[in-house]
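*Asks:* how does the following fold in three dimensions:
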Amino acid sequence: MAKRDLFKCFKPSPEIIRLAVMLYIRFPLSLRNVVDLLHERGIEIGHEIVRFWWRRFGPMFASEIRKRRIEAVRSSRWRRHLDEIFEKINGETHYLWRAVDNEGEVLESFVTKKRDNKVALKFLKKAVKKHGRSDALVTDKPRSYGAAQKEIGAADRQDTGGRLSNRAENSHLPCRRRERAMHRFRRMRSLQMFASVHASVYHHFNQDRGLSSRDIFKANRAAALAEWRGLYAA
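*Replies:* Residues are numbered from 1 along each chain as shown. Model (predicted):
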C-alpha cells in the first residue's frame with residue numbers, strides 16, 4: 001500500500017517544510033526568527049505559515065519518531081525518573097508531568113490542572129502501558145507518587161531523596177528555554193501538544209558531545225538528520 005503524500009496540497013517542497021518545523025521546535029526561536037533564517041536561504045514565507053506548518057506536521061513527525069523508538073524503550077527496564085513542574089497559563093497554575101529514562105530522554109509528557117493521587121495514577125498507568133515497566137522509579141517526595149505506585153503494585157520499586165531526581169530536573173531545562181522564546185503558553189492544549197512534540201524532536205537531534213568521540217558524534221548527528229529528512233518521504 002502506497003504511503004499517503006502529506007505534502008500534496010502544499011506549494012513549498014517537503015524539504016522546506018521539514019526545515020522550518022525543525023528550526024522552530026529544535027531551537028529556542030520565535031516564529032519570526034525562523035522566517036528570518038529562511039529568508040537568508042532565499043525562502044520567503046510569513047510567520048503564520050510557519051505556525052501552521054508546525055501545528056500540522058510537528059505532531060506527525062514526533063509520532064513517527066516515537067514509533068521508531070518505542071520498541072527499544074520497552075525492552076529497557078532501567079531506572080526511570082518521574083517529576084512535575086509548575087506552569088502558569090493565563091494566571092492559573094498547571095502541572096507538566098514527565099517520565100524520563102535513565103539517559104535523560106523524555107518518554108511521556110502529561111499536563112494537568114491538579115496534582116493529586118488520581119492524576120499521578122493516571123500518569124503512571126499511561127507511561128507503563130506505552131513504555132512498559134522498569135526496575136526502579138525515581139520520584140520526589142509528594143505522597144501522590146507513593147499512593148499511585150502502591151495502586152499499580154510498584155511501591156517496592158520507588159526511590160526518593162538526595163540527588164536522585166536530578167535527571168528529571170535537568171530534562172525540564174530545554175523546554176523552559178523554549179517556553180521563554182514563546183512568551184509562555186495560553187492554553188492547556190497548546191502546552192500538552194508542544195511538550196510532547198518538543199520532547200521527541202529535541203531528543204532526536206540531541207547528541208551528548210561529552211560522551212563520544214568527534215567521529216562518533218558527527219556520524220550520529222548525520223544519521224539523525226538523514227532520518228529526519230526521510231520522515232514521510234515519497
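
*Asks:* and for residue 19, nearest residue in space, chain neighbours not counted?
*Replies:* residue 38 (7.4 Å; CB to CB, 6 or more residues apart in numbering). In short, each C-beta sits where N, CA and C put it, glycine included.

*Asks:* you'd agree that neighbour is up against residue 21?
*Replies:* No - if you go by CB atoms under 8 Å, residue 38 and residue 21 don't touch, sitting 11.4 Å apart.

*Asks:* what about the two, which has more around it?
*Replies:* residue 21 (25 against 19; other CB atoms under 10 Å).

*Asks:* any weak-confidence spans in this protein?
*Replies:* 1-4, 70-77, 142, 146, 149, 154-168, 210, 234 (pLDDT under 70).

*Asks:* residue boundaries of the helices in it?
*Replies:* For the chain, the helices defined by DSSP state H cover 14-26, 31-40, 47-74, 117-131, 143-151, 166-171, 173-181, 188-205, 214-229.

*Asks:* turn these into a markdown table, columns for distance to residue 80.
*Replies:* Output for the helices of the chain, formatted as a markdown table (distance: least, CB to CB, whole Å):
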| stretch | distance to residue 80 |
| --- | --- |
| helix 14-26 | 24 |
| helix 31-40 | 33 |
| helix 47-74 | 10 |
| helix 117-131 | 8 |
| helix 143-151 | 12 |
| helix 166-171 | 9 |
| helix 173-181 | 18 |
| helix 188-205 | 14 |
| helix 214-229 | 23 |
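
*Asks:* how about the nearest residue to the spatially most central residue of the chain, chain neighbours excluded?
*Replies:* Centroid-nearest residue in the chain, with CA atoms, centre = their mean: residue 199, separated by 1.3 Å. Spatially, and ignoring its direct neighbours in sequence, residue 199 is nearest to residue 106 (3.8 Å; CB to CB, 6+ apart).

*Asks:* burial of that neighbour, as a residue count?
*Replies:* 22.

*Asks:* and if you look at residue 119?
*Replies:* Neighbours around residue 119, by other CB under 10 Å: 18.

*Asks:* tell me the spacing between it and residue 113.
*Replies:* 9 Å (CB to CB, to the nearest Å).

*Asks:* same check on residue 202?
*Replies:* 25 Å.

*Asks:* which of the two has more residues huddled nearby?
*Replies:* residue 202 (19 against 11).

*Asks:* list the contacts for residue 57?
*Replies:* Contact partners of residue 57, counting by CB atoms under 8 Å, 6 or more residues apart in numbering, are 6, 17, 18, 21.

*Asks:* apologies, that question was intended for residue 29.
*Replies:* 23, 37, 181.

*Asks:* equivalent analysis for residue 6, please.
*Replies:* Applying CB under 8 Å, 6+ apart, the residues near residue 6 are 14, 57, 60, 232.

*Asks:* of the residues you listed - the most surrounded one?
*Replies:* That'd be residue 57 among the contacts of residue 6, by other CB under 10 Å, with 21 neighbours.

*Asks:* now residue 130, nearest residue through space, not along the chain?
*Replies:* The shortest distance from residue 130 to any non-neighbouring residue, by CB to CB, 6+ apart, is to residue 108 (6.6 Å).

*Asks:* and the one you found, how close does it get to residue 153?
*Replies:* 19 Å.

*Asks:* for residue 46, same thing?
*Replies:* Distance from residue 46 to residue 153, by CB to CB: 53 Å.

*Asks:* cool, and residue 114?
*Replies:* Computed as CB to CB, the residue 114 to residue 153 distance reads 24 Å.

*Asks:* quick one: which of the two has more around it?
*Replies:* More crowded of residue 114 and residue 153, by other CB under 10 Å: residue 114, with 12 against 9.
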